[in-house]
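Visitor: Let me see the structure of the following:
(2 chains)
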Amino acid sequence: MSFAGPLTTIAVDQSLASFTSTELHRQLSRLGRQPLAVKYVASRWAHAHALQWPLRISSSPLQTWGTATYVAPVTQPLSSALYGRVGVVSDFDPTDWTVFDATTHDAQRVYQRWARTQPDFDDLTLTVHSTRANHELRNRFRERFHIDCVLFRPDQAAELHTDTRSDVWMAVSDWAADGRTLKNDTSHRLANGRFTVLIDEDFELSDAGLPIRSAPRLIEPWTTSFGHGGAPNRSTGIRSARTDPMLPSKISDAYYSDSYVHLFIEP
Amino acid sequence: MTSMLALASDFIDQLANPRHGLDAHEAAAEQLAALLRDDERRNRFHQEVAALSSPLELTTDGWRWIIRFASANEIPLDPDLLRRGCLRWSSTSLVAAGITAAVGPFPDDELAPPGGGRPLGRPGISDLPDPWLRQLLDELLPGPSALDADGTEQPDSESSGRVRQAEVVFTALLIVDRPTTILAARAMLRDQERLSADLSGLVESRMDLLDDDARDAWSEVLGLG
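Guide: Next up, the predicted model:
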């Protein structure tokens, strides 16, 4: 049964492709080995990803394409740094994945055309519950057409890190045993996640309670404004800093010389 | 509520309720994942989900997450619980999730395309083959106490709530979009006077928005042609 009508259904089918036929796959293949993707999490979850563990599936109704594992390809390693300072990287095998490339205007229009035919379209346009309605519609769309991965342009951007016109983010589906229901706990498709990137920047995720569209850097603009007197900023490995008896005086020097001490985690 | 579910329920609401914001959703999801990493705790959580018995045990957003989790992990939910939830929840998509969970796995013989299988017909509610759907719709009907001596329903807030819920359940049956639920939606259209609901008006206004392709599909699915 379908409320979409044959023409819309055909249009959706025609907008689907295999992941391995995409430009993104070609870019990832150039790196050799299995494709990699990265998901950034808040620093307080670094401990949970110190050892290899599956990435978790996001159920947030504020995510763009429904219940999925949201990652960026490793070819755009900083693109999604908005979401935390800890980059968890996992390999994945996209052989046989069906992809809906929502970075194209044609695919976007096809989805909107399909959504208009759905029995609960009024919830989206006429009620205060549009966030949940969007989430459910996108889950249903992916389930009905068995879409393994949606490619989309970032709709939230970290200043200087995200290019909303050329970056591609991925919403990866994990299927239950019935092969038709989207899972909502942990991902088997991105099962080998491990803390792999630590980034010295942080961003706000929301603005007045709503998802932020473009997040300014919270740290770098201020660090680069230091050092007007020509004093160099100081970088010190955290392990040696912990036992460095000179650390208080270095901090004192930095303080009085309009500089800063960067305590970084040594490689 | 038992202890694992009590521990997890706050996280579950926080990871799915839009008012908490994306940061809180992600944090709650990490906390829940950490809680369920241990196999023993996860098994206990599964058992407690299967033992849920009242729609009041979780928030609406909690139910939304739990029903998907239960379906994906093949945890059977109590059919009575699902029926009472579908009579209570005001969200069409949540009622659709409840109906999907209640009518069970999608059998392959339901996959026949429109026109390719047996004609659906337009039975009454009492003719519906699925006992769970039949009971659900029977309970949506006004009971004797809600009727005047001449058989008309009292125009009170209770009956207006019932009409609203009939519209929610009707839309949810369409969302699930399986032959068995479409049959139930057709039965509601046939028996809409018993429901005191103007479901035909709902369908007509919805179809006004559609292009010819989709309008024909709606007519065929609902047997309106």
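
Visitor: Go ahead and name everything in contact with the longest helix seen in chain A.
Guide: Counting residues, the longest helix found in chain A (DSSP state H) is helix A:130-144. By C-beta atoms under 8 Å, 6 or more residues apart in numbering or on different chains, the list of residues contacting helix A:130-144 from outside reads A:2, A:12, A:61-68, A:100, A:111, A:114-115, A:118, A:120-121, A:123-124, A:127, A:147, A:150, A:173, A:180-182, B:18, B:64, B:91, B:93, B:96, B:175. Where you see a C-beta, it was placed from the backbone N, CA and C, and this is true even at glycine.

Visitor: Quick check, residue A:187 in contact with residue A:67.
Guide: No: under the criterion of C-beta atoms under 8 Å, residue A:187 is not in contact with residue A:67, lying 11.0 Å apart.

Visitor: Can you list the buried residues in the worst-scoring helix or strand of chain B on mean pLDDT?
Guide: In chain B, no helix or strand scores lower on mean pLDDT, DSSP states H and E than helix B:192-195, which sits at a mean of 78. By neighbour count with 16 or more other C-beta atoms under 10 Å in any protein chain shown, helix B:192-195 contains the buried residues B:192, B:194, B:195.

Visitor: same thing with stretch A:73-83?
Guide: For stretch A:73-83, the neighbour count (16+ other C-beta under 10 Å) marks A:73, A:74, A:75, A:76, A:77, A:78, A:79, A:80, A:81, A:82, A:83 as buried.

Visitor: now, which of those residues sits nearest chain B?
Guide: Chain B lies nearest to residue A:83 out of the buried residues of stretch A:73-83, by C-beta to the nearest C-beta, at 7.2 Å.

Visitor: On the three-state scheme, the closest residue in space to the closest one that isn't next to it in sequence is what?
Guide: Counting by C-beta to C-beta, 6 or more residues apart in numbering or on different chains, residue A:40 is the residue found nearest to residue A:83 once chain neighbours are left out, at 4.1 Å. Here residue A:40 is recorded as strand under DSSP: H, G, I helix; E, B strand; the rest coil.

Visitor: List the beta-bridge partners for residue A:40.
Guide: The residues paired with residue A:40 through beta bridges, assigned by DSSP bridges, are residue A:87.

Visitor: Is it correct that it is in contact with residue A:76?
Guide: No: here residue A:40 does not reach residue A:76: they are 11.9 Å apart, not a contact under C-beta under 8 Å.

Visitor: Using PDB, list the CA coordinates for stretch A:99-112.
Guide: As requested, the backbone C-alpha atoms of stretch A:99-112 are provided in PDB (Å, rounded to 0.1, in the frame of the first residue of the first chain):
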ATOM      1  CA  VAL A  99      22.200   6.000  -0.300                       C
ATOM      2  CA  PHE A 100      19.800   9.000  -0.600                       C
ATOM      3  CA  ASP A 101      21.900  12.000  -1.600                       C
ATOM      4  CA  ALA A 102      20.000  14.900   0.000                       C
ATOM      5  CA  THR A 103      22.800  17.300  -0.900                       C
ATOM      6  CA  THR A 104      21.100  17.600  -4.300                       C
ATOM      7  CA  HIS A 105      18.100  19.900  -5.000                       C
ATOM      8  CA  ASP A 106      16.400  17.100  -6.900                       C
ATOM      9  CA  ALA A 107      16.500  14.700  -4.000                       C
ATOM     10  CA  GLN A 108      15.400  17.400  -1.600                       C
ATOM     11  CA  ARG A 109      12.300  18.100  -3.800                       C
ATOM     12  CA  VAL A 110      11.500  14.400  -4.100                       C
ATOM     13  CA  TYR A 111      11.500  14.000  -0.300                       C
ATOM     14  CA  GLN A 112       9.300  17.100   0.100                       C
END
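
Visitor: Need the contact partners of that stretch.
Guide: With contacts defined as C-beta under 8 Å, 6+ apart, stretch A:99-112 is touched by A:8, A:11-12, A:15-19, A:22, A:65, A:141-142, A:145, A:147-153, A:168.

Visitor: show me the contacts for residue A:42.
Guide: Shown here is residue A:42, whose contacts under the criterion C-beta under 8 Å, 6+ apart are A:83, A:84, A:85, A:86, B:23, B:26, B:27, B:30.

Visitor: nope, residue A:16 is what I meant
Guide: Taking C-beta under 8 Å, 6+ apart as the definition of contact, the neighbours of residue A:16 are A:98, A:99, A:100, A:145, A:147.

Visitor: would you list every one of the helices in chain B?
Guide: If you assign secondary structure with DSSP H, the helices in chain B sit at B:3-16, B:21-35, B:39-50, B:60-72, B:79-88, B:92-103, B:131-140, B:157-176, B:179-190, B:192-195, B:199-207, B:212-222.

Visitor: Nearest to residue A:226, out of the ones you listed?
Guide: Within these, the stretch nearest residue A:226 is helix B:21-35; the backing value is 28.3 Å (C-beta to C-beta).

Visitor: The closest one vs chain A: in contact?
Guide: Yes: looking at helix B:21-35 against chain A by C-beta under 8 Å from any C-beta of the partner chain, the contacts come from B:21, B:22, B:23, B:25, B:26, B:27, B:29, B:30, B:33, B:34.

Visitor: So, low pLDDT: which residues of the stretch 151-267 of chain A?
Guide: A:227-232 (pLDDT under 70).

Visitor: which residue does it bring closest to chain B?
Guide: In the stretch 151-267 of chain A, the residue that lies nearest chain B is residue A:176 (3.7 Å; C-beta to the nearest C-beta).

Visitor: quick one on the thing from earlier: pipe the residues of helix B:21-35 next to chain A into a markdown table and attach pLDDT and neighbour count per row.
Guide: Output for the residues of helix B:21-35 next to chain A, formatted as a markdown table (pLDDT from 0 to 100; neighbours: other C-beta atoms under 10 Å in any protein chain shown):
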| residue | pLDDT | neighbour count |
| --- | --- | --- |
| B:21 | 85 | 18 |
| B:22 | 85 | 21 |
| B:23 | 84 | 17 |
| B:25 | 89 | 22 |
| B:26 | 88 | 26 |
| B:27 | 89 | 19 |
| B:29 | 90 | 25 |
| B:30 | 89 | 19 |
| B:33 | 89 | 20 |
| B:34 | 88 | 15 |
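
Visitor: Against residue A:198, how distant is residue A:45?
Guide: Counting by C-beta to C-beta, to the nearest Å, the separation of residue A:45 from residue A:198 is 13 Å.

Visitor: For those two, indicate the residue with more neighbours.
Guide: Regarding residue A:45 and residue A:198, a neighbour count based on other C-beta atoms under 10 Å in any protein chain shown identifies residue A:45 as having more, with 21 against 12.

Visitor: Many thanks, have a good one.
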